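Asks: sequence-free structure coming up:
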Ligand SMILES: Cc1ncc(COP(=O)(O)O)c(C=O)c1O
Ligand SMILES: Cc1ncc(COP(=O)(O)O)c(C=O)c1O
């Protein structure tokens, strides 16, 4: 079934057993909304110099947006900022590929569990769900670093 | 040619040799505009008791609106007000008939030259031209009699 | 096949709608249950559009040539049809807009620029309800921000109805306008117009009725409603996109100022000032949606030929059946009235804690088209403490078999995420 | 057949336009010379509309089902096409409206509600010209009445051009916005954009270009124009009725407040307040003219495939020929430029003292469709001391033979009223 390409087991697993969910101490907090579906996320970033000490979050949304936040937490916590940005950009590229990118080994190495979202990129209405937490993370990180706040912050 | 049913000789004749054109002394003056084509008329009514002493006018417009004003002058000047209203109403009925009324002798007796406009009623865009001076006359007469002014007066 | 009393001959009707034969996802015939978002269009409407463009297309109102006269007659003829469809006292009370949202904004803006006795300012109040579509919320928020008027609203009861218990406190002597939806697009609730109108009339407030979810589904009689303005939208009632309607009482349309300025809405223009044409033209600036009005005319002909009472009875039967069947689905919670009384054919629900987005996606895979999200009525979701709903909404071509397909589909959803 | 350099293969092109075979008045093939009022529609556009309604129709943006995704892709795809057609730096700068009039009112209202530095008030000035269409006059009159700003304008020279001799006095440091037409709909004049834009930029005024009569006929490049806003309308460029475009510079669209409120234009709504979606959605309240946008997309595809340079060359050739032939008609006076230089294919004229209404009527009888009246540009008629004009306007399917038919027709008019 075509649906299985979106709802990979990895995704359903993250959805049912999210990593690092809950709000903990952070250097910056943002609240992002997906106006087309009402998905919301509150996300905090805690930095330790160049290291990401924690990404904590709370939100409501569909399996894709929830699983994506869980994968993000798993992938980014403990990495260095430049590495995290590279992961974020690779994920963005994959999600905007409209199903045209078949993740190769190199991509899989960067994205790990997040390659499971390749199938989601075929569903334009769901791409924003998958990206919600990643955009929030990028925004919160910029704020934590003292850069300007993103537009979506309410 | 179908056109001849609109441009009856009587109409062209009135157009080329209008009756009573020019502004003379009056009891009330109105200025009416046909916004869809820019035809304009300034019209004055002079009453003498129940009698219409004069209808004078000045305007610009197409052959139909000009001829209609001329016919109006010819028909109404010198008649009694109630008779004039009867003529006006009959003319209105004819013009709104969408070509469905074939003027009979009775109508011809009331309308005289104005029956020539029967053909115009088939052309919705031109009906307003034919009615311009008649609406102005009705409005001016109401004003001369001290009734409320019409909406179109500028 | 399930037989219910009052059903229309959907087999015949469905033949009029080409898209209902559409297959999706490897040959599954589409089950279109997203009618509250937009309806499908019968061939009769598409034919009217094609006929207009292929034979009569011209700009309206100013031409002396054949095409212009025909286009004008068709456009103004559509106004006659719509006026008759809603039992308007006069055709001149029917204004064509681009959608219901523009119609509602038009009213808000007329009032925003109006002189006394209509003017809205910091000493006055505007009343809406918590179940409005965003298109009947945001224009009034903008108006209240820009004039200082206070925005108030009726809340909702737990079973998805307006809470009118405090009607005397909500609608007061300060109230200038009360705007509410006749039928909720998210919950299907049909609201008690009479009660609200009576109170509004008592205090001299204008009444605006958002009939977007009513006009397609029931007999709409603007005189019986006793409202001052009624707004609705063509695309939900078998008409084309790009056309909406505002009906307004003639004296109000005469008194109130124009909104959009431009060609067609003027009487005479100089560089220094302009005067305006009488309604409805005063409110129709620019080249109107001509073909779309003609298409809407064909749509009301189509609906009228079937009969709005019959359509209403059909939808009532389907709704009754759908509510019953849905309530059999474990963990399903209907947001809104749980019977078919005083409700339309839009049914929102949640399914355990499976997110509506996921519900909709899995249903789609089976060819079942429902809408998910807050349905442009986010305050309703907030009120009931849910992020979103799944909404199935029916129309004259919907069948009991489609209800069954939905229920089976939901079973599949539960297994998928179980 | 008259052969002119630069003509398109009209025989092939005319086959795309079903209505051009239409016969009127007992078998006379219509000679459609009313293109400045609205253009005819090629089969390709009608096919796109039918295809949309018969296979993909759904409401946009919020659906997870196939039809909603397809409809959204088609609607947003049309935005891409239009953005490319006008060389917009970003697709998000293209706002779909119902017509050019709404586009212009949208700009006027954005500015009316804007904060500094954009706000318009009694210390500021608005500049237009005496050759504007009413749709680019009345919105600014309303804005100036409602804000106290002073409305100023450029006058006209005797030969139908803008009189820019006093440009320094007209556009001053107080000027907030300059709005003018690229091509006059009544006289065909093509205006010197660069000169006006340069002066406006010098004083920091925003520039609005009404490109309603330009977009259908020439290469339109919003970046080359250097304007801040550009408005045009679908129905004049082979598209459906009910669709218009406003292009605006991104940073302005971000800064300026919304106009119509409702569904689709919000980010999040509570009863107390709302936040708005980014442009273009911020300015597209309610269900947009979906099918009409798709149709406009097909129209720009159609025009693009032929090539706007080629269309421009074709019309230039026709205009040159028409001006020459018309000037041969005794008592005919062209209102506007009397050469084909810097002019479009709309030619207004008077014929002795035969009223345009009568001219148009007699032409119609011969199957020739022209427009008569003030063409929503009454100040131009006042300026030249005439009540109205007859206007013949050409497009990509117009032929020299149609020019000849017009000239013969005018001869007939002269005889008829002679
Ligand atoms: C120059 C110009 N501006 C604006 C308009 C208004 O366009 P629309 O009637 O489609 O709003 C027109 C056409 O009528 C026009 O020719
Ligand atoms: C109750 C209600 N009001 C207003 C609207 C707005 O209609 P439109 O989007 O056609 O402007 C809708 C539909 O979306 C609706 O359901």
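Replies: It's in. All of these numbers come straight from a predicted model, not from anything done at the bench. Ligands and ions are numbered 1, 2, ... in the order given.
Asks: that's a helix at residue C:359, yeah?
Replies: Yes: looking at residue C:359 with DSSP: H, G, I helix; E, B strand; the rest coil, it is inside a helix.
Asks: state the distance from it to chain B.
Replies: In this view, residue C:359 and chain B are 54 Å apart by Cβ to the nearest Cβ, to the nearest Å. For every residue, glycine as well, the C-beta is placed using N, CA and C.
Asks: ok, which stretches of chain A are helices?
Replies: Remark: helices assigned in chain A by DSSP state H are A:3-6, A:9-16, A:63-76, A:81-95, A:105-111, A:124-144.
Asks: helices or strands next to the fifth one in the packing?
Replies: Applying 3 or more Cβ pairs under 8 Å, 6 or more residues apart in numbering or on different chains; DSSP states H and E, one finds that helix A:105-111 contacts helix A:81-95.
Asks: give me the nearest residue to the residue in the stretch 151-300 of chain C that ligand 1 sits nearest to, chain neighbours excluded.
Replies: For the stretch 151-300 of chain C, the residue closest to ligand 1 is residue C:286, as judged by Cβ to the nearest ligand atom, at 2.8 Å. With sequence-adjacent residues excluded and distances taken as Cβ to Cβ, 6 or more residues apart in numbering or on different chains, residue C:286 is closest to residue D:101, at 2.6 Å.
Asks: run through who's touching stretch C:151-170.
Replies: Contact with stretch C:151-170 is made by C:125-132, C:140-141, C:144, C:175, C:180, C:184, C:187, C:189, C:191-192, C:195-196, C:199, C:335-338, C:380, C:383, D:271, as judged by Cβ atoms under 8 Å, 6 or more residues apart in numbering or on different chains.
Asks: please apply the same query to stretch A:101-110.
Replies: Stretch A:101-110 is contacted from outside by A:86-87, A:90, A:93-94, A:111, A:115, A:118, A:121, using Cβ under 8 Å, 6+ apart.
Asks: may I see the buried residues of it?
Replies: The neighbour-count check on stretch A:101-110 (16 or more other Cβ atoms under 10 Å in any protein chain shown) flags A:101, A:103, A:107, A:110 as buried.
Asks: do stretch C:368-378 as well
Replies: By 16+ other Cβ under 10 Å, the buried positions in stretch C:368-378 come out as C:368-378.
Asks: that stretch - what's its average pLDDT?
Replies: Confidence for stretch C:368-378, expressed as mean pLDDT, is 95.
Asks: what about that stretch, start to end distance?
Replies: End-to-end distance for stretch C:368-378, by Cα to Cα, to the nearest Å: 24 Å.
Asks: cool, and stretch C:23-35?
Replies: Across stretch C:23-35, the terminal residues are separated by 18 Å (Cα to Cα).
Asks: contacts for that stretch, please.
Replies: Outside stretch C:23-35, the residues that touch it by Cβ under 8 Å, 6+ apart are A:2, C:19-22, C:40, C:216, C:236, C:345-346, C:364-371, C:391-395, C:398, C:402, C:405-406, D:58-59, D:63, D:65-68.
Asks: quick one, phi psi at the residue of the stretch 251-400 of chain C found nearest chain B?
Replies: Using Cβ to the nearest Cβ, the single residue of the stretch 251-400 of chain C nearest to chain B is residue C:267, 4.6 Å away. Per-residue torsions, residue C:267: phi -100, psi -60 (degrees, to the nearest 10).
Asks: from what I see, it and residue B:33 are in contact.
Replies: Yes: here residue C:267 reaches residue B:33: they are 6.4 Å apart, a contact under Cβ atoms under 8 Å.
Asks: tell me how many other residues crowd residue A:146.
Replies: Using other Cβ atoms under 10 Å in any protein chain shown, residue A:146 has 8 neighbouring residues.
Asks: just the pLDDT at it, thanks.
Replies: As predicted, residue A:146 sits at a pLDDT of 88.
Asks: contacts only, for the residue in the stretch 51-200 of chain C positioned nearest to ligand 1.
Replies: The stretch 51-200 of chain C approaches ligand 1 most closely through residue C:59 (7.2 Å), counting by Cβ to the nearest ligand atom. By Cβ under 8 Å, 6+ apart, the residues touching residue C:59 are C:68, C:71, C:287, C:290, D:34, D:37-38, D:235, D:371.
Asks: next: residue A:65.
Replies: With contact taken as Cβ under 8 Å, 6+ apart, residue A:65 is in contact with A:34, A:39, A:41, A:59, A:129-130, A:132-133.
Asks: burial check on residue 60, number of neighbours?
Replies: Went with chain A since none was named. Other residues lying near residue A:60 total 16 when counted by other Cβ under 10 Å.
Asks: let me rephrase: I mean chain C.
Replies: Residue C:60: 23 surrounding residues under other Cβ under 10 Å.
Asks: which helix or strand contains it?
Replies: If you go by DSSP states H and E, residue C:60 is not part of any helix or strand.
Asks: not counting sequence-adjacent ones, nearest residue to it?
Replies: Spatial nearest neighbour of residue C:60, excluding adjacent residues (Cβ to Cβ, 6+ apart): residue C:72 at 4.5 Å.
Asks: check which helices and strands the one helix or strand the one you found maps to sits against.
Replies: When elements are assigned from DSSP H and E, residue C:72 belongs to helix C:66-85. Helices and strands touching helix C:66-85, by 3+ Cβ pairs under 8 Å, 6+ apart, are helix B:124-144, strand C:94-97, helix C:290-306, strand D:368-369.
Asks: and that helix, average pLDDT?
Replies: If you average the pLDDT over helix C:66-85, you get 97.
Asks: so in chain C, where's the weakest helix or strand by average pLDDT?
Replies: The helix or strand of chain C with the poorest confidence is strand C:266-269; it has a mean of 88 (mean pLDDT, DSSP states H and E).
Asks: kindly report the same for chain A.
Replies: Lowest on mean pLDDT, DSSP H and E among the helices and strands of chain A sits helix A:3-6, with a mean of 84.
Asks: in which helix or strand does the residue of the stretch 151-300 of chain C closest to ligand 1 reside?
Replies: Applying DSSP H and E, one finds residue C:286 in no helix or strand.
Asks: quick one: mean pLDDT over stretch C:134-145.
Replies: What stretch C:134-145 shows for mean pLDDT is 97.
Asks: report the contact partners of the most centrally placed residue in chain A.
Replies: Centroid check for chain A by Cα atoms, centre = their mean gives residue A:134 as the closest residue, at 3.5 Å. Neighbouring residues of residue A:134 by Cβ under 8 Å, 6+ apart: A:68, A:72, A:88, A:91-92.
Asks: contact residues of the stretch 201-350 of chain C facing chain B?
Replies: By Cβ under 8 Å from any Cβ of the partner chain, the residues of the stretch 201-350 of chain C that approach chain B are C:266-268, C:275, C:277-278.
Asks: which of these sit farthest apart?
Replies: The span of these, defined through Cβ to Cβ, is set by C:268 and C:278 at 12.9 Å.
Asks: more neighbours: which of the two?
Replies: residue C:268 (18 against 14).
Asks: what is the burial count for residue 16?
Replies: Answering for chain A, as no chain was given. Burial of residue A:16 is recorded as 12 neighbouring residues (other Cβ under 10 Å).
Asks: not what I meant, chain C
Replies: For residue C:16, the count of nearby residues is 19 (other Cβ under 10 Å).
Asks: so where's the chain uncertain?
Replies: No chain was given, so I picked chain A. Applying pLDDT under 70 to chain A flags residues A:1, A:148-154.
Asks: switch to chain C, that's the one I care about
Replies: Residues of chain C that meet the criterion pLDDT under 70 lie in C:1.
Asks: can you rerun that using 90?
Replies: In the predicted model, chain C carries pLDDT under 90 at residues C:1-5, C:61-64, C:263-264, C:267-268, C:387, C:417-418.
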